[in-house]
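following is a predicted model, sequence given first.
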Amino acid sequence: MLTKCILTIEVADEATGEIKNQEFDVLDIVSEKLAAKPVKKSSSSKSKLVEDDTPKLILEDSKYSLTTGALKLLDVEPGSEDRLCIEGQKIGKEEYPLISTPIGFGMNVSKGNKITKSGTVRFSGSKHDWLAEFGSEFILVPHPNSDKIFILTLDGKVPEGNASLESLKKSSTSKKKVEKEVKEKEVEQPEPEDISDLEDLLADEDNKDFDTSNFEL
């Protein structure tokens, strides 16, 4: 192991012109420089996953976080192309939020939002406000009729009542229909009246007052 590295240099005295040798320990110089240099904090802490075996979803501002237990249950990989969606379903007499991948909901794979390396998902707007009405921290429980869909509960218990996937499909279809109707109304523009029809109408009105019996040849 290298413990010393001596560097010898010749230095001339400007006043007398005398040349002297000076020795420097290179390792000591390097050690001093490294000690004086501030150590940058690793940014890996910013992307640290929430280590918790309990499958939880924590709602935050404009996003939500998933614990390692939730990511494992959903079978998704942070920082990958995997996406997640949140929908609602009436189970019994109450509505519950559900979470799954687009494929789990039978949607196009491009739907939903991607999961960051830290296990967070962008989530804002009206859907964020809707989910916030249920709470801010949820425990995922398996849907009784699907191994790909999970119910977001406050107590970790499966809700009692009809949780038919058919009702979920009908709810989704109805929602899409409403969105389509709203979109069509937004782009619908009144058609301009045909000027030629207006001219014909005015001509007809003028002809009503014209008495052909008073006309003699």
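Now that the structure is in, tell me what you want to look at. Numbers count the residues shown, from 1 in each chain.

hmm, who's touching stretch 73-85?
49, 55, 66, 71, 99-102, 105, 107, 109-119, 121, 140, 150 (Cβ atoms under 8 Å, 6 or more residues apart in numbering). Just so you know, the C-beta spots here come from the backbone N, C-alpha and C atoms, and that holds for glycine as well.

same thing with stretch 152-160?
Under Cβ under 8 Å, 6+ apart, the answer for stretch 152-160 is 57, 86, 91-92, 94, 96-99, 131, 134-135, 137-142, 144, 151.

show me which of the contacts of stretch 73-85 are buried.
49, 55, 66, 71, 99-102, 105, 107, 112-113, 115, 118-119, 121, 140, 150 (16 or more other Cβ atoms under 10 Å).

in helices only, show me those residues.
L71 (DSSP state H).

one step back: among the contacts of stretch 152-160, the buried ones, what's the ChimeraX command?
Buried residues within those, by 16+ other Cβ under 10 Å, are selected in ChimeraX with:
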select :57,86,91,96,97,98,99,131,134,138,139,140,141,144,151
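
among the contacts of stretch 152-160, name the ones in strands.
Secondary structure from DSSP state E places 57, 86, 91, 94, 96-99, 137-142, 151 of the contacts of stretch 152-160 in strands.

among those, which pair sits farthest apart?
I91 and E137 (19.6 Å; Cβ to Cβ).

let me see the ranges of the strands in this protein.
Remark: strands assigned in the chain by DSSP E are 6-12, 19-25, 56-60, 63-66, 83-91, 94-100, 113-114, 120-122, 137-143, 146-153.

let me see the contact set for the residue nearest to S136 when sequence neighbours are not counted.
In space, and not counting its chain neighbours, S136 is closest to L59: 4.6 Å by Cβ to Cβ, 6 or more residues apart in numbering. With contacts defined as Cβ under 8 Å, 6+ apart, L59 is in contact with F123, H128, L131, A132, G135, S136, E137, F138.

just checking, I91 touches I149?
No - I91 is beyond contact range of I149, at 11.6 Å (criterion: Cβ atoms under 8 Å).

hang on, P102 packs against N108?
Yes - with contact defined as Cβ under 8 Å, P102 counts as touching N108 (6.2 Å).

bridging across strands, which residues link to the residue lying closest to F150 once chain neighbours are set aside?
Using Cβ to Cβ, 6+ apart and skipping residues adjacent in sequence, the residue nearest F150 is L140, 4.2 Å away. Beta-bridge pairing for L140 (DSSP bridges): L152.

from I19, how far out is L140?
L140 sits 79 Å away from I19, going by Cβ to Cβ, to the nearest Å.

over to A163?
93 Å.

which one's more surrounded, these two?
Legend: neighbour count by other Cβ atoms under 10 Å for A163 and I19, higher for A163 (21 against 9).

could you find the closest non-adjacent residue to the more buried one?
Leaving aside its chain neighbours, A163 sits nearest to I91 (4.6 Å; criterion: Cβ to Cβ, 6+ apart).
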